[in-house]
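1. Structure, please.
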Amino acid sequence: MSYNKPPYQITTEILSLLTRVSEQIGAVNALHLNRPQTELRKANRIKTIQSTLAIEGNTMSEEQITAFLNNKRILAPQKDILEVQNAIATYDKLHTFKPFQLKSILKAHKTLMEGLIKEAGSLRKGNVGIVKGSQVTHVAPPGNMVAHLLQELLDYVKSDKDPILIKTCVFHYEFEFIHPFADGNGRMGRLWQTILLMKTYPVFKYLPIESLIKTEQSKYYEALNKSDNLGQSTPFIIFMLGQISKALDELLESPLSVPNASSRILIFKEIAGNAVFTRKDYLQHFKGLSTATASRDLRIATEMGVVQKSGDKNSSTYRYNVR
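-> Predicted coordinates:
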């Protein structure tokens with residue numbers, strides 16, 4: 001597959017960040033945090049939606065979004081409520097989007113921007129410039145080049161040999177540079193980086209990188225501008241890898257992130273399926289767990305009717321009940 005590789009350099013700073021993020025992902029996987037507990041997943045999803053929309057000027061708070069999800073009445077501008085409604089619908093469909101398909105990007109944009117702009121789900125046809133104050137800070141490529149540039153960018157992410165962590169940062173920057181839609185480019189760029197990362201690292205489905213970008217919003221735009229001025233995405237890669245590292249740190253340090261007995265039992269169900277397993281199998285998956293804790297987990301699962309136990313003591317075997 002031929003494509004033009006976007007310009008960037010893999011510096012020693014990028015390599016250092018890449019090593020750190022890879023180690024953090026290893027720790028996340030070892031602690032089985034790639035599917036955090038339901039409470040943490042829900043809190044992070046709300047944080048993600050609030051943050052990505054707040055960057056674009058939405059005024060709704062996490063508390064208001066939580067109330068909205070619980071079908072409570074809230075006082076907020078109708079446009080802000082519609083943006084939140086659309087974002088919830090989009091993030092609920094994360095697993096349905098195809099990371100490397102242009103058609104899937106258009107589908108996500110339609111859901112995200114439905115009722116907000118006429119061109120929801122369609123690439124822009126005209127020319128566009130980004131204005132900050134009285135200055136034009138960025139002139140995007142002509143409308144007739146957008147589809148080709150976007151497809152070439154997807155081909156690069158799919159086929160290039162560079163690490164996916166770097167390629168998703170490059171995608172995010174280049175997506176903003178191409179500015180493929182009349183509106184919604186910022187939230188779409190952040191969303192699609194998540195979707196690309198999820199394919200390799202499931203934890204990113206639940207990781208609110210957007211909330212850290214919101215906290216460092218001025219640095220986010222500064223990194224975009226630096227990359228524009230330099231003619232390559234290197235400064236933006238450094239910024240985004242730093243945000244990813246911080247988000248992983250927050251997950252690893254969260255008191256909600258340590259799986260309890262119920263979480264471990266559900267996690268192991270996905271691994272064991274309908275197969276017979278032993279306490280030793282359970283311990284091999286949850287390294288660092290004591291034999292006493294593993295026995296207690298399996299006793300709880302048996303008492304709850306989640307698993308069926310056969311045999312006694314060290315010869316015991318277990319199988320999950322299929323419902």
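2. for the stretch 201-323 of the chain, what spans make up the helices?
-> 209-215, 217-230, 234-253, 261-272, 279-285, 291-303 (DSSP state H, counting those that start in this stretch).
3. go on, the stretch 1-150 of the chain?
-> 12-30, 38-54, 62-69, 78-92, 102-113, 146-159.
4. wait, which of these is closest to Gly129?
-> Gly129 sits nearest to helix 146-159 of all these, at 14.3 Å, using CB to CB. Where C-beta positions appear, they are placed from N, C-alpha and C, glycine not excepted.
5. contact partners of that closest one?
-> Contacts to helix 146-159, defined as CB atoms under 8 Å, 6 or more residues apart in numbering, come from residues 1-6, 99-102, 105, 123-124, 141, 164, 167-168, 170-171, 174-175, 178, 180, 196.
6. ok, then the element right after it?
-> helix 164-178 (DSSP states H and E).
7. and the angle for the helix or strand that that next one is followed by with helix 217-230?
-> Once helix 164-178 ends, the next helix or strand along the chain (criterion: DSSP H and E) is helix 185-200. With axes from the mean of the first three to the mean of the last three CA atoms, to 10 degrees applied, the angle from helix 185-200 to helix 217-230 works out at 90 degrees.
8. buried stuff in helix 185-200?
-> 185-198 (16 or more other CB atoms under 10 Å).
9. list the contacts for Glu119?
-> Here Glu119 is in contact with 113, 181-183 (CB under 8 Å, 6+ apart).
10. what about it, distance to Asp249?
-> Relative to Asp249, Glu119 is positioned 39 Å away (CB to CB, to the nearest Å).
11. Also Gln284?
-> Taking CB to CB, one finds Gln284 at 28 Å from Asp249.
12. Repeat that for Thr302.
-> Counting by CB to CB, the gap from Thr302 to Asp249 is 37 Å.
13. now swap in Val139 and tell me
-> According to CB to CB, Val139 and Asp249 sit 37 Å apart.
14. What about the nearest residue to Gly189 once chain neighbours are set aside, how many residues nearby?
-> Leaving aside its chain neighbours, Gly189 sits nearest to Phe175 (4.3 Å; criterion: CB to CB, 6 or more residues apart in numbering). Look at Phe175: counted by other CB atoms under 10 Å, it has 24 neighbours.
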